[in-house]
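**Student:** Fold the following, please.
(2 chains)
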Amino acid sequence: MLPVSFRPLVSLSSALVCVLIAHAAQAQAPAPPPSWQQGRSAEQEKSTLHPFAIEVTGKSAKLLPVDKLKVPAGFKVDVWAEGAPGARSMAQGDKGTVFVGTRQLKDVYAVVDRGDKREVKTILKGLDSPNGIVFSKGTLYVAERHRITRYDGIEGSLDNPPQAKVVVDGLDPQKQPGHFWKYLALGPDGKLYYNVGAPGNIVMPAYFQATISRVDPKTGVVEEYVQGVRNSVGFDWHPKTKELWFTNHARDWLGDDSPNDTLHRVAKKGTHFGYPFCHQGDTLDPEFGKNRSCAEFTPPTLKLGAHIAPIGMRFYTGKMFPAEYQNNIFIAFRGSWNRTIKQGYNVTRVSFDEKGKPKMEPFLTGFLQDEKADPPMWGRPADVMVMRDGSLLVSDDHNGIIYRVSYAKK
Amino acid sequence: MSGSSGYKGAAAMFAAALSFYPACSALAADGAPRKAQACVTCHGPGGNSTDPAMPSLAGQPAQSISLQLFMFREGNRKDPQMSPMASGLSNADMNELAAYFSRQKPAAPSHRTAPENTAAGRRLAEQHHCVQCHGPALLGLQHIPRLAGQQFVYLRTQLRGFRARTRADFDGNMTAAAELLSEKDIEILADYLSGLTPPRD
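**Tutor:** Numbers count the residues shown, from 1 in each chain, chains lettered A, B, ... in the order given. This is a model prediction of the structure:
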């Protein structure tokens, strides 16, 4: 689990050397804990907190309390599609097809309307964690664990998809543990942006890890865009300022209320957001934060709550919702698990006052059934996408269901 | 199930399934899906196996059953008997079978733990994090299977497989947990777990 190479600009602090020595001394100790347990304190070793696995075979909406889902007055939520196990990132094609990636399966789906029947087709199989999906100018881009590929003209041949063409390969040369799945988004500069997550809960990242990076699809040349990002699996550009905004998952096992998962704005390429030294802009890591200062790093725009696991985020640019929703952000909260009393499991709206101060409020709720139960929820929002008609799709990878939130004027 | 029990062949399986016909009406009254008939040939009536190499399905968490069926169908797990059985199952079939077997009452285990392995087995289960995921009473939850009262040879085969990295692991947890088990640890753990009585309600 130790990183093979360290970021060259980071000198080995004495704390880190101690960690290395400690690891070496433990060589004959009991089996190493799984990656999600990494970073627990000795007192936490008996903790029963654990991540929740998705239903890999999907679950029918008929068996779920979908009537418990709640949206603000004037809005309506429906089951839009089901039978898409592990549904994560979504992208809409030119002809209306909704493409859906998966993280724990190997499939990419296309959701198509045929007459009055909506069909979920598996169009790509056998991929390696095809979590990230982008559609642009007739081409579907897919981010797998180790590569980004393109499928040209795929929407016209869903029954016989074209061969993958490689945009860039070799993105995971060490088969890293931890956060190896990738989100994908197309920037206003025509480049594809993707995350390379940290290789564990709290570990020193290696070269290119804990970053958002980008690749020019014309040349395949990659570059690091921002660093110190533990794992971002949702980003979008502000419709007016064209700045990148992203959600980030903070580390686990520091308690129920700390640190917060966060929402960030990128003003400048090369910004460092703190991981693994400083969390949520103001909390030094007990191990890696020694002899460091949070002042060195760029703080988040908004603290979203501890362990709520923000995944997909999009600016609302549609015409269906009331005017005050314009350029607001919708974020899917897929957690929490690393917390004794659970919270999250909703789609949250972030709006801004005239001074640009962000405010958040739950928008789509009802997935969280019992905050003390195991499991506490029956569904987990994973990504959000604004449809061309202005409605909002929400994927639920736990059940393989996609919901649609629409607004009807009173 | 990886490789410990003999390959009986798909034809023999189906013949056996058909010969099970007298039990069909009873199963049907119990709300058994038609496709469960093929399962009970090896996994025992109601999913209570009497073969030490064959896992019991009765009372297992539904998600743990559908996950394993999925892994057999997708080829993550390979087994001469289970792979062909799972290959023709849809997601809906898997969910239906999982729901049915999870509703069945687990039988009291026939395995008797060697007295010297009771405390040693418990110690190993705690030391190697078994209780962390499978629960303090090792009853499993969600996608994690119940180990209490599971068949001895089956448990031993799985642990050996995880340790050798030949048994597919959904999330890497079992591979990490089994990595430093000795052959003797595996023997003791399987003996301990197999003799635990699962609750019947």
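**Student:** Give the bridge partners for A:Phe315, please.
**Tutor:** A:Ile329 (DSSP bridges).
**Student:** give the contact list for it.
**Tutor:** Neighbour list for A:Phe315: A:236-239, A:245, A:327-329, A:386 [criterion: CB atoms under 8 Å, 6 or more residues apart in numbering or on different chains]. Where you see a C-beta, it was placed from the backbone N, CA and C, and this is true even at glycine.
**Student:** any idea how far it lies from A:Gly305?
**Tutor:** 20 Å (CB to CB, to the nearest Å).
**Student:** cool, and B:Ile144?
**Tutor:** Using CB to CB, B:Ile144 is found at 27 Å from A:Gly305.
**Student:** Likewise for A:Val77?
**Tutor:** With distances taken as CB to CB, A:Val77 is found 22 Å from A:Gly305.
**Student:** same thing with A:Ser395?
**Tutor:** Counting by CB to CB - A:Ser395 and A:Gly305 are separated by 20 Å.
**Student:** ok, B:Leu57 touching B:Ala99?
**Tutor:** No. Counting by CB atoms under 8 Å, B:Leu57 stays clear of B:Ala99, with 11.5 Å between them.
**Student:** what's the nearest residue to the one residue sitting closest to the centre of chain A if we skip its chain neighbours?
**Tutor:** By CA atoms, centre = their mean, chain A has its centre lying nearest to A:Val233, at 2.3 Å. Leaving out its chain neighbours, the residue that sits closest to A:Val233 by CB to CB, 6 or more residues apart in numbering or on different chains is A:Tyr183, at 4.4 Å.
**Student:** Next one: that neighbour from chain B, what distance?
**Tutor:** 20 Å (CB to the nearest CB, to the nearest Å).
**Student:** What's the mean pLDDT across stretch A:171-186?
**Tutor:** Stretch A:171-186 shows a mean pLDDT of 93.
**Student:** Ok, stretch B:58-73 next?
**Tutor:** For stretch B:58-73, the per-residue pLDDT averages 97.
**Student:** Please tell me how far it is from the chain's geometric centre.
**Tutor:** 9 Å (CA atoms, centre = their mean, to the nearest Å).
**Student:** So is that stretch next to chain A?
**Tutor:** Yes. Judged by CB under 8 Å from any CB of the partner chain, stretch B:58-73 and chain A are in contact via B:63, B:66-67, B:69-70.
**Student:** where does chain B have low pLDDT?
**Tutor:** Segments of chain B classed as low confidence (criterion: pLDDT under 70) are B:1-30, B:200-201.
**Student:** Show me what from it comes close to chain A.
**Tutor:** Taking CB under 8 Å from any CB as the criterion, chain B approaches chain A at residues B:63, B:66-67, B:69-70, B:74, B:91-92, B:94-95, B:98, B:127-129, B:132-133, B:135-136, B:141-143, B:170-173, B:176-181.
**Student:** Kindly recompute the last result at 6 Å.
**Tutor:** By the rule CB under 6 Å from any CB of the partner chain, the part of chain B lying against chain A is B:66-67, B:70, B:91, B:94-95, B:127-128, B:143, B:172-173, B:176-177, B:179-180.
**Student:** Neighbour-wise, give me the winner out of those residues.
**Tutor:** Counting neighbours by other CB atoms under 10 Å in any protein chain shown, B:Ser66 comes out on top of the residues of chain B next to chain A with 27 neighbours.
**Student:** Name the SS class of it, please.
**Tutor:** helix (DSSP: H, G, I helix; E, B strand; the rest coil).
**Student:** Make sure it is actually in contact with B:Glu96.
**Tutor:** No. Counting by CB atoms under 6 Å, B:Ser66 stays clear of B:Glu96, with 9.3 Å between them.
**Student:** near chain B, anything from stretch A:166-176?
**Tutor:** No. On the criterion CB under 6 Å from any CB, stretch A:166-176 is out of touch with chain B, staying 11.2 Å away.
**Student:** ok, for B:Tyr192, nearest residue in space, not its chain neighbours?
**Tutor:** Nearest non-adjacent residue to B:Tyr192 (CB to CB, 6+ apart): B:Gly121, at 2.2 Å.
**Student:** Could you tell me which residues make contact with the nearest residue to B:Thr113 once chain neighbours are set aside?
**Tutor:** Distances taken as CB to CB, 6+ apart put B:Gly195 closest to B:Thr113, at 3.2 Å, once the chain neighbours are dropped. Residues near B:Gly195 by CB atoms under 6 Å, 6 or more residues apart in numbering or on different chains: B:109, B:111-113.
**Student:** can you tell me which of these lies nearest to chain A?
**Tutor:** Checking those against chain A with CB to the nearest CB, the nearest one is B:Thr113 at 22.0 Å.
**Student:** Just give me the neighbour total for the closest one.
**Tutor:** 19.
**Student:** So it sits against B:Leu193, correct?
**Tutor:** No. Between B:Thr113 and B:Leu193 there is no contact under CB under 6 Å: 8.5 Å.
**Student:** Now A:Gly83. Nearest residue, chain neighbours left out?
**Tutor:** A:Gly83's closest residue in space is A:Val120 (CB to CB, 6+ apart), at 4.8 Å.
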